[in-house]
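>>> give me coordinates for this.
(2 chains)
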Amino acid sequence: MPSTTAHKLAKGQKEISVSEFFEKNRQILGFDSPVKSLIMGVKEAVDNALDACEEAQMLPEIVVRIDKIDQKEYRVSVEDNGPGIVSTSMPNVFGRLLYGSRFHAVRQSRGQQGIGISATIMYGQITTGKAATARSKVEGAEAAKEIDIIIDTKKNAPVLLREDFIPWNEKEHGTRVAFYMNGRYVTGKQSVLEYLRQTAIVNPHASITFIDPDGRRYNFERATEQMPPLSKEIKPHPDGIELGTLMNMIKATKEKTLVKFLQNDFNRISERVAKEICAAAALPESTRPSNLTLESSKQLLEGMGKVKIMAPQVDCLSPIGGNLIRKGLKHVLMDIKPEFYAPPISREPKVHTGNPFLIEVGIVYGGDMPSDQPVQILRFANRVPLLYQQGACVITKAIESTDWRRYGLEQRGGSGIPFGPAIILVHVASTKIPFTSEAKEAIASVPAIQEEIALALKACGRSLKTHLNKKERKTRTRSKFEIVQIIIPLMAEKTAKIVGKPVPDLRGTLTKIMNVVWIDDSVIYEKKRHRVKVQVYNYTPKQQRFKVHTVLPKGGLDLASCSLRPSEIKDDEKITWELPKIASTALYEISFELKGLDQDAFSETELYVSGINPVDVMGADPLPGDWDLEGVNFTETEAPAAEKAEDEEDEPDYDESGEELNDE
Amino acid sequence: MTNNERNTEAIKRLYSISESIYEQLDKGQIPKMVLPLRTKANIKFDARTNVWKYGSLRGARSAKKVKGAMMLLRTSYMLELIQEMIETNKSSTLREAYYISEGWGKAKFHSQDESNLLTEDLEIVTQCLREDFKLRPEENGASIIGDINIVETDRKGRKKAVNCRDDVGDSGYGIPYNVEKEKIEIKNTSARFVVAVETGGMFDRLVENGFDEDQNAILVHLKGQPARSTRRFIRRLNDELRLPVIVFTDGDPWSFRIYASVAYGAIKTAHLSEYLATPTAEFIGITASDIENYDLPTDKLTDMDTRALNAELKDPRFNTAFWKGEIDLMLKLGRKSEQQALAKYGLNFVTDTYLPDKLNELGLLKK
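You can find the predicted model right below:
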């Protein structure tokens, strides 16, 4: 055997075992600290469990348990109610690196994001020397198969230490994997508990139970019975495809002509489009793909770029959907009692480098959250929480470059992470998430993705601002309302008694203080109906007559329940009432009910007025110009018109002079 | 005016406030009440009486805002309460008045600050004293020790002659909340001057060292920021017995304010400065210069202290060369000191050296 340096090196290379490779590369694989290793271990097993349940369209029930063995060592066990794994596959699933079904699929799944359960088991084995135990039962089987498994790191092959059939009567089907690993259990922003909490938010169809090393039990209950739709596999989309990938596809194709290759191996290429591409690339349609040289492959790629090709279909993506994002957030965040959930935004799919993606955003505001801290950012990639590398992530960049001051959050200089009592959730779903590194902790700054996130953030931010405006207006009016409804009448009664005269007519005083028509709404949900009450107080010196408009969820209004018959109902959702004359200082009330809606589907009534000067109205906006057009869409909300200047005072307000009298 | 006449007058004036609110409502106006602004910026020196009083700036308490509307509403409730107390010959403490308001429903006070503030407002508008409203503070004034003869009319109407040195224990004669003539007559004294002392520790030190007898002095314990009756009593000693008054406090910004309220009048009670303040009262220390001259032990000024000193530089009452110099020096030193820091040089230092030094400067030292 010649003993050149190259040969020596080659010999050495052969002997680098998988475990050595692993040990050297643990950072990029995400096992770079004891705390993180434990999270990774849980994450891999939980992701697998969720994926398995979803593929089988079963509502996941997952139990995670961590036991502390000694200072460094923990035992992690994750159990699901998925379809189970046939016993012959079990050794490979748990004992062979890079074994799986998803490598070549173009579709959204959690699995593409980790290093796999087998690598996790190997990490455990390297750090503790202990075998992992896997147990699985498929539907209809009489018993579960249970194996103790280690990985022969040199051969990258499973070694079974024990193999048994065990009755698992409490379970019809499902899988449980348990392994030992070195790590450290903590609580806080980057912890197993937080990982599971966030997982529960974006997987409201899953029920997750966690038992921590102290035996404390956390239940994240299922918020919906609705399974996410199964995402479909698609072929690669030509948009933004890379030369290497194209050449691999050329090598692998079974098609005999270029036009067929284009037509059958790509997404969204019809025969017509295939011919156009051939023409644009100046290559004959009948070219055998195997005859394409590097040069002609480049030509083909350029040709693809010249032809307009339809965006990929969306069913390869599985968005969570606005409704379920809200449910998931509400369910998990209940104990901080947020005052507002902005209707979540789920954008239409777009494409980055041949891969479809879509963005979803939700904002939660108020409640027990601190208002002097940066907002909390929840990042998700294909329904998997990202806990690390926040600063390097495109989600963070999109949030930082949005001017949140327009949407009611504090932000110095209009960039950077905003401050305020809010949580911003961003979900990126894609057939291929462009991570910044193998550890898959942050999404790379792809301009197309950042732009989509920014658009979704803005749309959600607008709802937040609308809510904050309304709230501010309400508190402002509430205090005035207290004056005119309670304090002034009491004052009149008391002084009348003291001077021994009749209680004076208060109209003049009350209308001088308010001088607006005040509209207030309340919504009560009971017996599966939303009972809505709209109160119109005329606190102007003259009688008023005008129209009130609202937009209700389609098909929700129970017409028979309306205290005043609407004068017009458009498209089944835009309602107009023509109010009767309301005398100065009088109250008029409209009530109606909505039926057949989820409680969450309706919480505040959007109210608009017409036929009255909008500056005379508080609690409702002027009817938008596009009322008669399709949908009531609002672009950027402007600051509400300043309240009418109060009458000039001769003296400053005595009670607001603001000086501490007790400073002596 | 007799007590009864004063009470009746107070009711009459309070009644006119309620009447005015009623009339404004009846005319369809937004009820309001105009008062002098009780701010630092509106404290003006009155050359006739030599004290600081409210100036000409006025503010409006208007029903347009919740706070103002509530205060106007409470005014009528207060009137009823006061009327009832006068009719039944009862009085209540300010704290009791605050608790009585529990029964006023919407109009109840949310803190005693609110009820105290309104009481002062009503004093200002009606030009009556809170005693005329049958309201009194819950705490009494502080104590005095010294050879002075007074006659106090006790709760049973008996007149009692008291010598504030020989007839009292070591804690001195307790100044009642009402020190007006109908309650206390000041007879005569052998004392040559009055020392108003901020802290109890120093008051006891002077008593123990027999300073009152050695120097023929009346010692008054201020107990921090002095109550109205303490200030009123000092003023009467100054007025009726022609006794000079010196003020001896800690050396920090808060103590400077204690002196200001004794000598110049407090911002909070500037409507009563004429009765409460003693314009000729002299501040003897602890001054910032004392810290340097006597090399006294000190503490660092806190942020709050520094803010208070800077506020005093903008306070018109402190706008004199003496105070500017002292405040600037204290800011420069960044230190403050306590009366009792004089004990660095022994327990007798204050009565053997420090006070004689100061009295000598003022020409008050017993020859």
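>>> run the chain-centre distance for the strand or helix carrying residue A:534.
Element membership for residue A:534, per DSSP states H and E: strand A:529-539. Centroid separation for strand A:529-539 versus its chain: 34 Å, with Cα atoms, centre = their mean, to the nearest Å.
>>> mind checking what helix or strand follows that strand in sequence?
Taking DSSP H and E, what comes next after strand A:529-539 is strand A:547-551.
>>> how is chain A partitioned into domains?
Chain A breaks down by automatic domain parsing into domains covering A:19-220, A:243-306, A:322-466, A:506-637.
>>> got a markdown table for the ones you listed, with distance to chain B and mean neighbour count too?
Using the backbone N, CA and C atoms, a C-beta is placed for each residue, glycine as well. What follows is the domains of chain A, written out as a markdown table (distance: least, Cβ to the nearest Cβ, whole Å; neighbours: other Cβ atoms under 10 Å in any protein chain shown):
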| stretch | distance to chain B | mean neighbour count |
| --- | --- | --- |
| domain A:19-220 | 33 | 19 |
| domain A:243-306 | 64 | 16 |
| domain A:322-466 | 20 | 20 |
| domain A:506-637 | 2 | 16 |
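>>> need those in JSON lines (columns: distance to residue B:210).
Listed next are the domains of chain A as JSON lines, based on distance: least, Cβ to Cβ, whole Å:
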{"stretch": "domain A:19-220", "distance to residue B:210": "66"}
{"stretch": "domain A:243-306", "distance to residue B:210": "104"}
{"stretch": "domain A:322-466", "distance to residue B:210": "58"}
{"stretch": "domain A:506-637", "distance to residue B:210": "66"}
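>>> dump these to TSV, plus mean pLDDT.
Formatted as TSV, the domains of chain A follow (pLDDT from 0 to 100):
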stretch	mean pLDDT
domain A:19-220	85
domain A:243-306	88
domain A:322-466	89
domain A:506-637	84
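>>> residue A:57 is in contact with residue A:226, isn't it?
No: at 11.2 Å, residue A:57 does not count as touching residue A:226 under the criterion of Cβ atoms under 8 Å.
>>> what do these two both touch?
Jointly contacting residue A:57 and residue A:226 under the rule Cβ atoms under 8 Å, 6 or more residues apart in numbering or on different chains is no residue at all.
>>> what's the closest non-adjacent residue to residue A:538?
For residue A:538, ignoring the flanking residues on the chain, the nearest one in space by Cβ to Cβ, 6 or more residues apart in numbering or on different chains is residue A:582 at 4.3 Å.
>>> quick check: beta-bridge partners of that neighbour?
Note on residue A:582: beta-bridge partners residue A:544, judged by DSSP bridges.
>>> any idea how far residue A:488 is from it?
Here residue A:582 is placed at a distance of 20 Å from residue A:488 (Cβ to Cβ, to the nearest Å).
>>> can you check residue B:275 too?
With Cβ to Cβ as the criterion, residue B:275 and residue A:488 are 37 Å apart.
>>> neighbour count: these two, which is higher?
Between residue B:275 and residue A:488, counted using other Cβ atoms under 10 Å in any protein chain shown, residue A:488 has the larger neighbour count: 22 against 18.
>>> that one contacts residue A:512, doesn't it?
No: look at residue A:488 against residue A:512 with Cβ under 8 Å: they stay out of range, at 10.4 Å.
>>> A strand includes residue A:517, no?
Yes: if the criterion is DSSP: H, G, I helix; E, B strand; the rest coil, then residue A:517 is within a strand.
>>> residues contacting it?
A:536-540, A:544, A:546, A:582, A:609, A:612, A:616-618.
>>> one more time with 6 Å, if that's ok
Residues near residue A:517 by Cβ atoms under 6 Å, 6 or more residues apart in numbering or on different chains: A:538, A:544, A:616, A:617.
>>> relative to residue A:281, which of the residues you listed is nearest.
residue A:617 (63.7 Å; Cβ to Cβ).
>>> show me where chain B has helices.
B:3-26, B:66-88, B:94-100, B:112-126, B:200-208, B:211-215, B:228-240, B:253-263, B:273-276, B:288-293, B:303-313, B:321-333, B:349, B:355-362 (DSSP state H).
>>> buried sites along the fifth one?
For helix B:200-208, the neighbour count (16 or more other Cβ atoms under 10 Å in any protein chain shown) marks B:202, B:203, B:204, B:205, B:206, B:207 as buried.
>>> up against chain A, what does the stretch 101-250 of chain B have?
B:106, B:225 (Cβ under 6 Å from any Cβ of the partner chain).
>>> apply 8 Å and report the result again.
Residues of the stretch 101-250 of chain B lying near chain A by Cβ under 8 Å from any Cβ of the partner chain: B:105, B:106, B:107, B:113, B:117, B:225.
>>> what is the neighbour count of the fourth one?
Read that as residue B:113. 12.
>>> likewise for the one 3 residues further on?
Applying other Cβ under 10 Å, we find 21 residues neighbouring residue B:116.
>>> that one touches residue B:93, doesn't it?
No: contact criterion Cβ under 8 Å: residue B:116 and residue B:93 do not qualify, at 10.9 Å.
>>> for my notes, confirm residue A:75 occurs in a strand.
Yes: applying three-state DSSP, one finds residue A:75 inside a strand.
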